[in-house]
Every structure is written in structure tokens, then in C-alpha cells.
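Participant: what's the 3D shape of this:
(chains A and B)
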Amino acid sequence: MGYPHKPHERETLVLSTHFGDHEAIPLDGWKKRGGYQALQKALGMTPAEIVDVVKASGLRGRGGAGFPTGIKWSFMKPGDGKVHYLCCNADESEPGTFKDREIMRWTPHALVEGCAIGAYAIGAEVAYIYIRGEFTEPLRHMEAAVKEAYAAGILGTNAMGTGKTVHVHVHKGAGAYICGEETALMNSLEGRRGNPRIKPPFPAVAGLFGQPTTINNVETLAAVPHILNRGADWYKGLGRADNPKSTGTKLWSVCGNIQKPGNYEMLMGFPFGEFLHEVCGGALPGRKLRAIIPGGSSVPIQTLEEAESSLMDYEGMVAGGTMLGSAGCIVIDDAQNLVKQIARLARFYAHESCAQCTQCREGTAWTTKILERIVAGDGTTEDLDTLLEIADNMTGKTICVLSDSCATPVVSGIRKFRGDFEALIKKRKVHPVPAVA
Amino acid sequence: MSATHDQAEYTSVFTGAARTELDTIMSRYPTKMAALLPALWIVQRERGWVPPEGMAEVAEALDLTPAYVKGVVTFYTMYHQHPVGKHFIQVCTTSPCNVCGAEGVVDAFLKHTGCEELGVTSADGRYTVIEVECLGACGFATPVMINEEFVESVTPDRVPEILSSLK
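Facilitator: Here you go, the predicted model:
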């Protein structure tokens, strides 16, 4: 099934097979669709065996960083005598990204199952799913699914009758983009302000409540049951043959000025140009696609030409001058004021900065002010140099990458669409100088 | 303190069912403090906002100081530090929605609710309209959140009908 449109013949449905299918939401419907077979199987394996399967599948983190999931899990040492935790990052807030929302709305039990397997594999008895506060509908579905899973004996102190303990709890955030950063998420879960922590120590050493912790994205965990059911080789075989570094399918959220916005599940390495023009229906009538932000608002903006020659996997997007990120694809056409949209993104980051680091607190605010001044027709050519200088000060110098994320669209925007900025600057209003008496 | 808020009116939130609910939540975490965000959500659900007395009550229940709780409340945008309209309307205007006309949706809400200004509650107390940063439903531009409910694909012409459907 597709959602909100019918699936395109060039999609490869794994995670999104049941999107739009109301009967897949409750436990009995999910079980009829093969639900919890993977967990049953996993609980009969050793944690190390599960980690090996996930490693062999080539699954990489779907939240943006793309770190190999099996390797991340292998940093945890079950049996070390410490309490371990799994956190599921369901704080999906990256502008352009709305894939985890659909996973939780339509297949909440897929996530419960993925969390339970992940927790067991890293030697954790407790997993927390941290959902952003605005996701009221996904939250309702997740809470209902967890409740059903406890009532059915799937979760608890005797998970699926195996005598093993697996708890999954849902935790509601309260409106802070920064809590999608893993250490900020842990602080928030502990009842603190969502300030990112300095690393090291990394979460696998000292994470949630000071204990070894793994944090995985919703889409990553939801893929795990499929890998256990169908095998690492099957998953590894999905993708382009010449790039074993990116395997499986990826959910692409597509939004902005495009004929058919929505979520699409594509094989890694699918040609981006065909995806935009054919699968997503291309530009709106009478308009032309102009700028593409393929991986959520934090990745470099692509020109249409760059996008058309890119391949949709981690390496393909880097080769195309950008990053896969969270695959939240924002499409901007020729009817838009691109500088205004870059200014709007900067405002987003200024609003969401946790304000711990000076470069970010001041940089996001001043970047926004200068960009808004240019949009208002009061910019100067020197402003562009100032923006690039501020961006340089904001990159690689802070506790987390929110600051870098604000600088990215500004730098790539000025570099690739400088004419748009200059056109606004040329139209600068001349303010009359009041006569001095 | 807000002019519309009288300290004498405050009654404890954490009695009866809400106290049991908080105890259940606290059992899920190894520290009391981890129940802070959930506890604040309960206060907001019961009182419509998080008044200073609510912060104090949460602080006492979780062995924290009121100042610490306030520090956390002010960090998160979804806790109301002042009373808001009966229908709290959040319109996403971040870039993906912005390129699809979200600013026109904001204007329509301001006009038809009589709020006229962002963040200001209408004279009849029914509405507060704010712009919100990315609601995470970009493919359904423009998403609008009214209290706990999402309305997808809102256009300016749909606004009067949406408002008339609110009780």
C-alpha cells in the first residue's frame, strides 16, 4: 500500500508495505501480517548472533549520520554487569522529513518489535521511545501498541514466554528540535533541558542515566525485524551492485513544489533524477524545479542539474555535492524567492538553538537577521562576505552540529545561487539622508 | 503573574487518578527527575497551562526545586507559561510549508479568528494563533495543529470551515 498515494511501480516496499492499511495498526492485524515472528526468533538467539546478522546486512542509521547499526550495537557489551538502555529516536523534526511519523501511524507494532529486538541485542532490559510532543497521533498509536504488547505477554518480564525481560516505554517530548540530537535526547529523557553533551564519553560508554546506551532512529529499528525474518543476504542484495556500502531500502519524504508529495520507499542507489521527475511526478504545471535539498534542511542545497545526476544512497549523495541525511527531500521551484527560503531555514535554526555555544546562539541569530535584511531589500554585497565569515565560525566549532546545519544552506546557497542574492541586493532601497540643520 | 490568574484558585493536580498516573510513570525510570516532562504534561492537560503553582507542585513530587523546574519549562516550547485560548492553533511556516503558501494560511487564521496578531488570544478567549517550526508533516503542507489534533493540507480557503467545526 502507498500513502498518501498508491505505490509507484518503481518503489520497493518493505517498511511501507502496510502504510494506509488500518488493519495493520492493531496487534491482531499486525500478527496476521507476520508480526512478532522476528522477535520470537531473536529471543531464541544470543545477542551476539543478532548483532552479527545486522552487521552482515549492511544496515546503516536512517536518522541522518548513516553509522553502521551492527557496529554501533557491538559497542555494547552484554554481561558487563552494567544496566544498559536502548533509546529510539522518534523526535523527527528535521524540516522536510516525515517518514518516522508514517511508520508510527501505520505500523506501530513494527517499531515495538524493532525496539524489543534491539534492546535484547545490546543487553538492555528497557527501551525508551522518545517521540516529539507534536506527534500526537503517532504517540497515541505507539502507546496503544505498547499496551497491547504488554497485555499479550510480548513485552514484560517473560517476553513471549522466554523468561527474558524486555520493557518498552513511550516518552513524550515537549517541542525542541535539538532533542533529536542523541545526547540532548538523553538529557531530555532524564528530565533536563535538552542541551547536547560534550562527547566523549560516547553514549555506549556513558549515556542515559550514565549507563551504556544505544540510540537508533525509528526507521533503523523498524528495518531490523525484516532483516531477521528474511536474512542479511536478502537485505544486502537490495541496492546497486557496485556500492556495497549502502544496502536496503530507504524511505524518502518528498515535499515542497512537487506534483506528488509523500513518502516513497526506494532501493538504495536509485537515480535521483528519475525519482523526482517520474516517481514524484515532477514540477507543478507551468513551473520548473530549481533547487533541491535532498536530505533534510541540514544538508547542502543541490542545483537541479546536480540532483538529476545523483544516486540515492549515502555515497551517491556525497558524490552529488550533498548528503543523504534523513532523506527529507525539499523541492523548490522557479516561482519561489530562494533567498527568502534560506532565510526562513536560518530562522528555524535560530529558534531551535539550545544557546549553549556562543557560535551557534549568536551565529544563527545574526545569520537570520542579515538574510532577512537582504530579503527586505536592504542588503549589501559585503553582507554576503559577512554571512560566509559567520558560517565559517559556525562550522566544526560547537558541541553539536545544529550550528553547522544552519551554515550549510547559507554557504551552499551563496555558492550555487549567488545571482539570487545579488539580484535582491541590486534592488536595494536608497534611504534619503535627512538634512542636517 | 498573568492578570487573569488568581493564585487562590489553584487546586492540586496530583490527587486521585492523576497521582496514580504519575506514580505509574515514575515506575518506568530509575530516577524521579525523569518523570519531569510527563508530570508537566499532566499539569498542562489538567490546567490548560503550567502555572507557577503547578511547577512548584511538580518540584515537590519529584524532589526538585521550583527554580529547576521553571528552567526546564522555559526550554521547551510546548509548555504554556501563560493561559492560552480555548483553541490553540499552531501553523507550520518552515520552508517546506512556506513554499506551499503557509503564510497565507497564517493570515487566514488571524483574520477569521479575530486574533489579528500572532500569540495574542482573541477577545472572546476562543483562539490563540502562533507560527510553529516544522511540525514534521511536510508532505501535507500546510499542517496545522489545533490543541492535540492535526489538520493536514490546509489552504486559506479551508480556514473558515475548520474554525466552524471547532466547538
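
Participant: starting at the chain centroid, how far to stretch A:142-151?
Facilitator: Once both centres are worked out by CA atoms, centre = their mean, to the nearest Å, stretch A:142-151 turns out to sit 25 Å from its chain's centre.

Participant: got it, and stretch A:132-152?
Facilitator: 20 Å.

Participant: restricting to C-alpha, output that stretch in CSV.
Facilitator: What follows is stretch A:132-152 as a C-alpha-only set of coordinates in CSV (Å, rounded to 0.1, in the frame of the first residue of the first chain):
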residue,chain,number,x,y,z
ARG,A,132,8.3,14.6,19.7
GLY,A,133,5.5,16.3,21.5
GLU,A,134,3.7,17.5,18.3
PHE,A,135,3.3,13.9,17.1
THR,A,136,0.0,13.4,19.0
GLU,A,137,-1.4,10.8,16.6
PRO,A,138,1.8,8.7,16.3
LEU,A,139,2.0,8.9,20.1
ARG,A,140,-1.5,7.5,20.5
HIS,A,141,-0.7,4.6,18.2
MET,A,142,2.6,3.9,19.9
GLU,A,143,1.1,4.0,23.4
ALA,A,144,-1.7,1.7,22.3
ALA,A,145,0.7,-0.7,20.6
VAL,A,146,2.9,-0.9,23.7
LYS,A,147,-0.1,-1.5,25.9
GLU,A,148,-1.3,-4.3,23.6
ALA,A,149,2.1,-5.9,23.6
TYR,A,150,2.3,-5.9,27.4
ALA,A,151,-1.2,-7.4,27.6
ALA,A,152,-0.3,-10.1,25.1
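
Participant: how about that stretch: buried residues?
Facilitator: A:132-135, A:138-139, A:141-146, A:148-149 (16 or more other CB atoms under 10 Å in any protein chain shown). C-beta coordinates here come from the backbone N, C-alpha and C atoms, glycine included.

Participant: now residue A:87: how far from residue A:182?
Facilitator: Applying CB to CB, to the nearest Å, the value for residue A:87 to residue A:182 is 7 Å.

Participant: got the domain ranges for chain B?
Facilitator: Listed domain ranges for chain B are B:13-75, B:87-164 (source: automatic domain parsing).

Participant: can you say which of these is packed in most?
Facilitator: Most buried of those by mean neighbour count (mean count of other CB atoms under 10 Å in any protein chain shown) is domain B:87-164; its value is a mean of 20.

Participant: strands along the stretch 51-200 of chain A, start to end?
Facilitator: Listed in chain order, the strands of the stretch 51-200 of chain A (DSSP state E, counting those that start in this stretch) span residues A:84-90, A:124-131, A:167-172.

Participant: what angle do the first one and strand A:124-131 make?
Facilitator: Relative orientation of strand A:84-90 and strand A:124-131, computed by axes from the mean of the first three to the mean of the last three CA atoms, to 10 degrees: 20 degrees.

Participant: gap between residue A:290 and residue A:14?
Facilitator: 32 Å.

Participant: again, but for residue A:209
Facilitator: 34 Å.

Participant: comparing these two, which residue is more hemmed in?
Facilitator: residue A:14 (20 against 17; other CB atoms under 10 Å in any protein chain shown).

Participant: quick one: contacts for the closest residue to that one other than its chain neighbours?
Facilitator: In space, and not counting its chain neighbours, residue A:14 is closest to residue A:249: 4.9 Å by CB to CB, 6 or more residues apart in numbering or on different chains. Residues near residue A:249 by CB atoms under 8 Å, 6 or more residues apart in numbering or on different chains: A:12-15, A:223, A:238, A:265-268.

Participant: quick check: bridge partners of residue A:249?
Facilitator: On the basis of DSSP bridges, residue A:249 is bridged to residue A:267.

Participant: for the stretch 201-350 of chain A, what lies in contact range of chain B?
Facilitator: Contact residues, the stretch 201-350 of chain A versus chain B (CB under 8 Å from any CB of the partner chain): A:209, A:253-257, A:261-263, A:297, A:328, A:330, A:332-333, A:336, A:340-341, A:344-345, A:348.

Participant: and these, which of them are in helices?
Facilitator: A:340-341, A:344-345, A:348 (DSSP state H).

Participant: between the contacts of residue A:249, which sits nearest residue B:99?
Facilitator: Among the contacts of residue A:249, residue A:266 lies closest to residue B:99 (CB to CB), at 22.7 Å.

Participant: ok, the closest residue to residue A:71 other than its chain neighbours to chain B distance?
Facilitator: In this structure, residue A:71 finds its nearest non-sequential neighbour in residue A:55, 6.4 Å apart by CB to CB, 6+ apart. Residue A:55 sits 30 Å away from chain B, taking CB to the nearest CB, to the nearest Å as the criterion.

Participant: residue A:238 too?
Facilitator: Distance from residue A:238 to chain B, by CB to the nearest CB: 24 Å.

Participant: neighbours of that residue, how many?
Facilitator: Neighbour count of residue A:238, defined by other CB under 10 Å: 18.

Participant: break down the stretch 51-200 of chain A into its helices, ranges please.
Facilitator: A:69-74, A:99-106, A:108-121, A:136-151, A:182-189 (DSSP state H, counting those that start in this stretch).

Participant: flag the shaky bits of the chain, pLDDT-wise.
Facilitator: In the absence of a named chain, chain A is used. Chain A contains residues with pLDDT under 70 at A:1-2, A:437.

Participant: wait, chain B was what I had in mind.
Facilitator: B:1-8.

Participant: farthest residue from the center of it?
Facilitator: residue B:30 (27.9 Å; CA atoms, centre = their mean).

Participant: turn the domains of chain B into CSV, including distance to residue A:281.
Facilitator: Formatted as CSV, those follow (distance: least, CB to CB, whole Å):
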stretch, distance to residue A:281
domain B:13-75, 40
domain B:87-164, 13
